[in-house]
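Participant: Got a predicted structure here, sequence first:
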Amino acid sequence: MIEKKSVVQPKQSKFYLNDAILGYLLVAPALLCIIAIALYPVLNTFKLSLYYMKLQLIGLTHFIGFQNYISLFNDPRFRSASINTVIFTIVSVSLELVIGMIMALLMNKKFKGTGLVRAAILIPWAIPTIVSALMWKFIYNDQFGLLNDILVRMGVINSYKAWLGSPSLAMGSAIFADVWKTAPFMALLLLAGLQNISYEFYEAAKVDGAGSIRRFFSITLPLLKPTILVALIFRTLDAFRVFDLIFVMTGGGPGNSTETLTIYAYKTLFRNLDFGIGSAIAVVIFIFVFIFAVIYIRLLDKSILE
């Protein structure tokens, strides 16, 4: 009779850690950095929003709970800034997505001078936002601006217009400048997604008789959906927090027609020195951004699992 040999299990060390604990230990340094750099300022800002705190009346600082938020939501200027922010975000991101998609499809084609075209398209994105805003402020100038001169020579308009001085034109002008600068960034992200799509899918669709439009909606868009969502996450969060472009071009004017939530928060904090209301505005911006991020991430997870 054959005697069975028992398998000797290796003895575990008393210092053995399971995978979960090891994972937490590995990410602990990063979490500590996030807490120190990101979480603490957010919590401190929320704390300040619960106080009546004006630097010119520092001796009168006292706890008032959520009164700053109640005053804020009853403020017509806050509602106007919120509407301006939403309009700027929706319009600019939508245009950037459409234009960026067209640019990405063009850059994905193989033709002579492809590298030069790609480099030229990315130039607006490479220009610092402050420089870009100053450039467009000069272009829109109502006396010696390049845009007015070109449109008058072409017969599109009869006289020079104050593009940044008119409440009905200022927001559209700012959106156009933002789209000009950041559409190449959207195109760059979409181009990376397009290059990951196998050309075999298009060859098979051509064999089945599908045209270019059918191939775009049946192959390109479905396979590009995760990349589109990632691009929308970056651009939506960035557009909702727009500050430098608006601040340099219009300062929120004329008549607060281009004043966004970040501009309103800046004026409240650093001009009016009202740290209570200003901190409350900052917390509201953070809440909106957090909600947008959660929605996009859930849509992204869903699209990946499909």
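Facilitator: Ah, there it is.
Participant: can you give me the strands for the chain?
Facilitator: 51-52, 62-63 (DSSP state E).
Participant: Neighbouring strands of the first one in the sheet, and parallel or not?
Facilitator: So the one you mean is strand 51-52. Strand pairing for strand 51-52, using DSSP bridges, gives strand 62-63 (antiparallel).
Participant: before we move on, the earlier item: out of the strands of the chain, which is closest to Ala104?
Facilitator: Closest to Ala104 of these, according to Cβ to Cβ: strand 51-52, at 48.2 Å. Quick note: C-beta positions are derived from backbone N, CA and C, even for glycine.
Participant: quick one: the closest one to chain centroid distance?
Facilitator: Here strand 51-52 is found 31 Å from its chain centre; the criterion is Cα atoms, centre = their mean, to the nearest Å.
Participant: ok, and what's touching it?
Facilitator: With Cβ atoms under 8 Å, 6 or more residues apart in numbering as the test, strand 51-52 has contacts from Leu60, Thr61, His62, Phe63, Ile64, Gln67, Asn68, Phe275, Gly276.
Participant: Dihedrals phi and psi, the fifth one?
Facilitator: So that's Ile64. phi -130, psi 10 (degrees, to the nearest 10).
Participant: shaky segments in the chain?
Facilitator: Applying pLDDT under 70 to the chain flags residues 1-17, 304-306.
Participant: quick one: the most centrally placed residue in the chain from Ile295, how far?
Facilitator: Against the mean C-alpha coordinate of the chain, by Cα atoms, centre = their mean, the closest residue is Asp238 at 2.3 Å. When distance is defined by Cβ to Cβ, to the nearest Å, Asp238 is 16 Å away from Ile295.
Participant: still on that earlier bit, name the stretch among the strands of the chain that sits most buried.
Facilitator: Highest mean neighbour count among the strands of the chain (mean count of other Cβ atoms under 10 Å): strand 51-52, with a mean of 16.
Participant: those helices in the stretch 1-150 of the chain, which residues are they?
Facilitator: For the stretch 1-150 of the chain, helices defined by DSSP state H, counting those that start in this stretch occupy the ranges 19-34, 40-48, 67-73, 76-107, 114-121, 123-126, 129-139, 146-154.
Participant: what would those look like in TSV with distance to Leu189 and mean neighbour count?
Facilitator: Shown next, in TSV, are those (distance: least, Cβ to Cβ, whole Å; neighbours: other Cβ atoms under 10 Å):
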stretch	distance to Leu189	mean neighbour count
helix 19-34	24	10
helix 40-48	27	13
helix 67-73	35	16
helix 76-107	8	18
helix 114-121	13	13
helix 123-126	11	13
helix 129-139	18	17
helix 146-154	29	14
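Participant: Adding distance to Val284, write those helices out as CSV.
Facilitator: Formatted as CSV, those follow (distance: least, Cβ to Cβ, whole Å):
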stretch, distance to Val284
helix 19-34, 22
helix 40-48, 11
helix 67-73, 7
helix 76-107, 8
helix 114-121, 36
helix 123-126, 29
helix 129-139, 23
helix 146-154, 35
